[in-house]
Structure formats: structure tokens, C-alpha cells
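Enquirer: can you look at this prediction? I've put the sequence above it.
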Amino acid sequence: MDEKVKKKIVRSEEELSNWFIRNYSKFGYSKIIKQNKRGFPDFVMSKNNKRVLVELETLASHFILHNHDYKKVDEVICIEDDVPLKVPVMKVKELTFLPRVTRVSATVDPETIKKVEKIMKTGRYRNVSHLVENAIMLLSEGKDGK
């Protein structure tokens, strides 16, 4: 009977990058030529004595979301292969992506946007998400009678 292997949880692309630096040989790379911490692609690697441009993404769809250029990368390594891409994609099977936050969208009327902009000018909130989180917390405390 096969035991289920517990997958390591990764919560960000930075964690994926740190894992990749320790495990790149699993994908056939022989060495890291260059790491671009803030640029694209994330890594320039050596594979079969060839220079390979590699982008890391927790979700393959983030390649599209980040507006990356297919012509400037040779391979994408991701945890979840959730969309087809126009470049070779290798999935990291031993990792699970569990994001710290989940993005949600909301449709609001122009008056609400004006109110949000006015509140944001106070400088009490880091960003609109922070404002919304605090508003939800206050509303839930009010319902619970706290």
C-alpha cells in the first residue's frame, strides 16, 4: 500500500524561488547562471550546456496576469498548471500552493468609490484591501454584539 506523501506548502513566489534554488537539478538544470530578484525572467539557467531563461510562477495563469512576454522566456516552472501557456511548463509535483490571501473583486457605485478615496486620504490604511478588511471586522463585531 502506497503512503501518501505530504507535500510542502508554498505561500508565495518568493518561497517557490527559495525552494527552486535548492532543487533546480530536479528539472535537469546544471547551474544557476543568474537570478533576477525583481526582473523577468526569474532565472537564467544552464541545461545541457545551453542557456535557458526560466520564469517561476505559483500558478501558470500568473504568467499571463503579470503580462510576461512569451518570446523572452524558454520555460515556466509552476506549482499549479491551471492554464495552457505558449511555452514549455514544468509542474512542481511535490509542492502545494496555499496563498496567504485570496483576491476578490467587487463592483461598487461611483459614490462608494468617492467615499473610499476620501477614507484613503486619511492615511490610516495601507491600501483599499486593508480598509475593506477593517470594515468587515467592524461589521462582524457589531453583529456579534461585541
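Expert: Received it, and whenever you're ready, just let me know what you need. The structure displayed is predicted, hence computed values, not measured ones. Numbers count the residues shown, from 1 in each chain.
Enquirer: just the CA coordinates of the longest helix along the chain, formatted as CSV?
Expert: Counting by DSSP state H, the longest helix found in the chain is helix 128-143. Extracted C-alpha coordinates of helix 128-143, given in CSV (Å, rounded to 0.1, in the frame of the first residue of the first chain):
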residue,chain,number,x,y,z
VAL,A,128,-8.0,49.5,-0.1
SER,A,129,-7.8,45.9,0.9
HIS,A,130,-6.7,46.9,4.4
LEU,A,131,-9.7,49.3,4.6
VAL,A,132,-12.1,46.6,3.5
GLU,A,133,-10.7,44.1,6.0
ASN,A,134,-11.1,46.6,8.8
ALA,A,135,-14.7,47.4,7.7
ILE,A,136,-15.6,43.7,7.6
MET,A,137,-14.1,43.2,11.0
LEU,A,138,-16.1,46.2,12.4
LEU,A,139,-19.3,44.9,10.8
SER,A,140,-18.9,41.4,12.2
GLU,A,141,-18.1,42.7,15.7
GLY,A,142,-21.3,44.8,15.6
LYS,A,143,-23.4,41.8,14.6
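Enquirer: next one: that helix to chain centre, how far?
Expert: Per C-alpha atoms, centre = their mean, to the nearest Å, the displacement of helix 128-143 from the mean C-alpha position of its chain is 25 Å.
Enquirer: domains in the chain, by residue range?
Expert: 8-97, 110-143 (automatic domain parsing).
Enquirer: lowest-confidence stretch among these?
Expert: Among these, domain 110-143 carries the lowest mean pLDDT, a mean of 85.
Enquirer: tell me the contacts of S30?
Expert: S30 makes contact with 45-49, according to C-beta atoms under 8 Å, 6 or more residues apart in numbering. For glycine as for every other residue, the C-beta is placed from the backbone atoms N, C-alpha and C.
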